[in-house]
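Colleague: task: produce atomic coordinates for the following.
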Amino acid sequence: MFDEILAKARARRDFPALEMAAIMNSRAFIDADEGRHDRALEGFREALGAIRGSLPSDDYRIGRSLYNIASAEEKLGRIDDAFAHAGDALSIMRRRKGSDAATVQQVEDLLRRLTEARGAQR
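Modeller: Residues are numbered from 1 along each chain as shown. Predicted coordinates for the structure are as follows:
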């Protein structure tokens, strides 16, 4: 279903980037839920690419996209990449949402898991 929707959206040059990213993210979340983490990562990266030119670089949605990417990378064992993306996400989200926001806590939890995973790898 999402692939058909994406194909139609891509065919329209005037399709809004934020709406395109929402469709891509929805498909990627389904892929992640079904254990297709490589495909989810691809979708999250695509969604980030769709919005990057339309939003300021420190927009919350950029931070959320980076968090989604980091989460998929964690599942794939790409700890160093995930750590870098989660760090960038945390910086944006703290600035935009404040340190007490639930989404900031999610990123901090991810960074704790990644730190533990890094220690276990060494």
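Colleague: quick one: the helices in the protein, in order.
Modeller: Secondary structure of the chain (DSSP state H): helices located at 2-11, 17-33, 37-52, 60-75, 79-97, 102-121.
Colleague: lowest-confidence stretch among those?
Modeller: Ranked by mean pLDDT, the helices of the chain bottom out at helix 2-11, with a mean of 68.
Colleague: surely Ala21 meets Ala50?
Modeller: Yes - contact criterion Cβ atoms under 8 Å: Ala21 and Ala50 qualify, at 4.3 Å. From N, CA and C alone the C-beta is placed, and that goes for glycine too.
Colleague: from Ser71, how far out is the closest residue to Leu110 other than its chain neighbours?
Modeller: Nearest residue to Leu110, sequence neighbours excluded (Cβ to Cβ, 6 or more residues apart in numbering): Ala86, at 5.1 Å. According to Cβ to Cβ, to the nearest Å, Ala86 stands 8 Å off from Ser71.
Colleague: so for these two, which residue has more residues nearby?
Modeller: Ala86 (27 against 23; other Cβ atoms under 10 Å).
Colleague: got the contact list for the more buried one?
Modeller: By Cβ atoms under 8 Å, 6 or more residues apart in numbering, Ala86 lies in contact with 66-67, 70, 107, 110-111, 114.
Colleague: make it 6 Å
Modeller: Contacts here follow Cβ atoms under 6 Å, 6 or more residues apart in numbering; on that basis Ala86 touches 70, 107, 110-111.
Colleague: just the buried ones from these, in ChimeraX syntax?
Modeller: Entered in ChimeraX, the line below selects the buried ones among those, by 16 or more other Cβ atoms under 10 Å:
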select :70,107,110,111
